[in-house]
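Colleague: Take a look and give me a structure for this.
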Amino acid sequence: VDILVNAAGITRKLPTLEMSEDDWNAILDTNLTGTLRGCQVFGEPMLKRGYGRVINIASLGTSLGLYQVAAYSASKAGVGSLTKSLAVEWSRHGVLVNAIVPGVFRTDLNAALLDGTDRGREFLTRTPMGRYGKAEELVGAAVFLASDACAFVTGQLLAVDGGILASGVNQ
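Modeller: You can find the predicted model right below:
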């Protein structure tokens, strides 16, 4: 394996005071520990070969507080930090570690949370491009981070977010 994309993730939307320890642990185990394990399993042979590209999938929750998804946001903030730490540790050995930070991409999994809801309208208002992303719009970032064009890029969190992280007042 020359390129690893760690893209697994789960969430649960509910008030933080109502979140059980089991739910918290399941989210952190999948999103953060799962990313670590993928990096360990595939990173070792990459380091032995002296070449590799790791692309982790972070989240808007890496940098922003998101309502009623504290475990998800904490886990994805951890993914951002893990990305930077591994970049510092592994880049001198030819393995570059970066992350993509997707904005809001409407999928079958999140459609009920976005379509016709206050949450969906707020995301659209806060996204300067005024729309949700399309899955194919993540491809260019992944291809760049997997390619030799990124030979001097490591430890970066590349936002593909329609401008939401740059956003302040949009109206």
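Colleague: Ramachandran coordinates for the residue nearest in space to the middle of the chain?
Modeller: Within the chain, the residue whose C-alpha comes closest to the C-alpha centroid is residue 58; the distance, by C-alpha atoms, centre = their mean, is 1.3 Å. Dihedral angles of residue 58 (phi, psi; degrees, to the nearest 10) stand at phi -90, psi -150.
Colleague: my guess is it contacts residue 83, does it?
Modeller: Yes - under the contact definition of C-beta atoms under 8 Å, residue 58 touches residue 83, with a separation of 7.0 Å. C-beta: built from backbone N, CA, C; applies to glycine.
Colleague: mind checking which helix or strand residue 78 is in?
Modeller: Taking DSSP states H and E as the criterion, residue 78 maps to helix 70-90.
Colleague: and stretch 127-135, which residues are buried?
Modeller: Under the neighbour-count criterion of 16 or more other C-beta atoms under 10 Å, stretch 127-135 has 127, 132, 133 buried.
Colleague: Contacts only, for the last one.
Modeller: By that I understand residue 133. Applying C-beta atoms under 8 Å, 6 or more residues apart in numbering, we find residue 133 in contact with 102, 103, 104, 105, 160, 161, 162.
Colleague: and what of the first one?
Modeller: With C-beta under 8 Å, 6+ apart as the criterion, the residues that contact residue 127 are 103, 104, 161, 162, 163, 164, 167.
Colleague: What count of nearby residues applies to the fourth one?
Modeller: In other words, residue 162. The burial count assigned to residue 162 is 23, neighbours taken as other C-beta atoms under 10 Å.
Colleague: For it, give me phi and psi.
Modeller: Dihedral angles phi and psi of residue 162 (degrees, to the nearest 10) take the values phi 60, psi 10.
Colleague: now for the lowest-mean-pLDDT helix or strand in the chain, which elements pack on it?
Modeller: Of all the helices and strands that make up the chain, helix 111-114 has the lowest average by mean pLDDT, DSSP states H and E, namely a mean of 90. Contacts of helix 111-114 with other secondary structure elements, assessed using 3 or more C-beta pairs under 8 Å, 6 or more residues apart in numbering; DSSP states H and E, are made with helix 118-126.
Colleague: which outside residues touch the following helix or strand past the helix it packs on?
Modeller: Using DSSP H and E, the helix or strand that follows helix 118-126 in sequence is helix 139-146. Helix 139-146 is touched from outside by 3, 5, 53, 55, 96, 98, 100, 150, 153, 158, 160, with contacts defined as C-beta under 8 Å, 6+ apart.
Colleague: Make a markdown table from the residues you listed and add secondary structure and pLDDT to it.
Modeller: Output for the contacts of helix 139-146, formatted as a markdown table (DSSP: H, G, I helix; E, B strand; the rest coil; pLDDT from 0 to 100):
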| residue | secondary structure | pLDDT |
| --- | --- | --- |
| 3 | strand | 98 |
| 5 | strand | 98 |
| 53 | strand | 98 |
| 55 | strand | 98 |
| 96 | strand | 98 |
| 98 | strand | 98 |
| 100 | strand | 98 |
| 150 | helix | 96 |
| 153 | coil | 98 |
| 158 | strand | 98 |
| 160 | strand | 98 |
